[in-house]
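Asks: Build me a model from this:
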Amino acid sequence: MLTTADLSYSYDRKRVLRFPDLHCQTGEHWLLLGQSGSGKTTLLHLLGGLLTPTGGRIRLNDTDLTALSGPALDRFRGQRIGIVFQRAHFVPSLHVLDNLLLAQQLAGITPDRTRAAELLERLDLSHKQQSPVQRLSVGEQQRVAIARALINKPALILADEPTSALDDDNSLRVVNLLEEQARAVEATLLIVTHDNRLKDHFERRVALEPQKTAQ
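Replies: A predicted model of the protein is given here:
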């Protein structure tokens, strides 16, 4: 279960971003909608432990993320949170399979080639295991990014604008893929987007309003 309370963040102590409280049960799928300036990417980075909130609390199951720091937060994020960034960040010198295994190593988990291979097969990427990531198509890179987010069987999957550059058919395909894979590991899924095409696909939604400057 993911919950937040009184969450806020400030980049410069002048503009304070404030976010609605979230209550997401285990296995639920949520859509977080927001236009430019609403702070949706900031919220995703807070939930993923990539930013430290100015105020408030973030709890994932029994762990208060705001009480963790340094190596403890890095390890928890690696083991319990999977993030699909808008732009994939791979190690270009490594092949597809090795990029997945690296995600396990960085989380302090023994690399599991069988798990990685099964994920790639499920995402129709078995034939790309030994391919350099820079030679993949955009769609293939996106699927590898999803596999990397799932490799450690996270409790929470966060996806940042996964459909922003896709047409209608491919947008639906990617969303279905994220939901299917989240169900496979019984993870809570949050998709952060400004793509209004997805509104009718999700029963659970949170709309972020444009943020106002606060002194």
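
Asks: Is Leu102 within a helix or a strand, and which one?
Replies: Leu102 belongs to helix 96-106 when assigned by DSSP states H and E.

Asks: same deal with Val144?
Replies: Residue-wise, Val144 maps onto helix 138-150 under DSSP H and E.

Asks: which helices and strands sit right next to that helix?
Replies: strand 81-84, helix 96-106, helix 113-122, strand 156-160, helix 168-184 (3 or more Cβ pairs under 8 Å, 6 or more residues apart in numbering; DSSP states H and E). All C-beta atoms are positioned from the backbone trio N, CA, C, and that covers glycine.

Asks: Gly37: which of the ones you listed is closest?
Replies: strand 156-160 (15.9 Å; Cβ to Cβ).

Asks: Name the residues that touch the helix holding Leu102?
Replies: Applying Cβ atoms under 8 Å, 6 or more residues apart in numbering, the contact partners of helix 96-106 are 74, 78, 90-91, 94, 110-113, 116-117, 119-120, 125, 128-131, 133, 136, 144, 147-148, 151-152.

Asks: just the buried members of the residues you listed?
Replies: Taking 16 or more other Cβ atoms under 10 Å as the criterion, what is buried in these is 78, 90, 116, 119-120, 125, 128-129, 133, 136, 144, 147-148, 151-152.

Asks: Closest to Arg173 out of the residues you listed?
Replies: Leu125 (14.4 Å).

Asks: Please tell me how far that closest one sits from Ala72.
Replies: Distance, Leu125 to Ala72, using Cβ to Cβ, to the nearest Å: 33 Å.

Asks: longest strand anywhere in the protein?
Replies: Counting residues, the longest strand found in the chain (DSSP state E) is strand 2-10.

Asks: by contact count, what packs against the next helix or strand after that strand?
Replies: Per DSSP H and E, the first helix or strand lying C-terminal to strand 2-10 is strand 16-18. Packing partners of strand 16-18 (3+ Cβ pairs under 8 Å, 6+ apart): strand 2-10.

Asks: contacts for the strand it packs on?
Replies: 16-19, 21-24, 39, 42-43, 46-47, 51, 53-60, 156, 188, 190.

Asks: Kindly recompute the last result at 6 Å.
Replies: Residues lying outside strand 2-10 but in contact with it, judged by Cβ atoms under 6 Å, 6 or more residues apart in numbering, are 16-19, 21-24, 42, 53-60, 156, 188.
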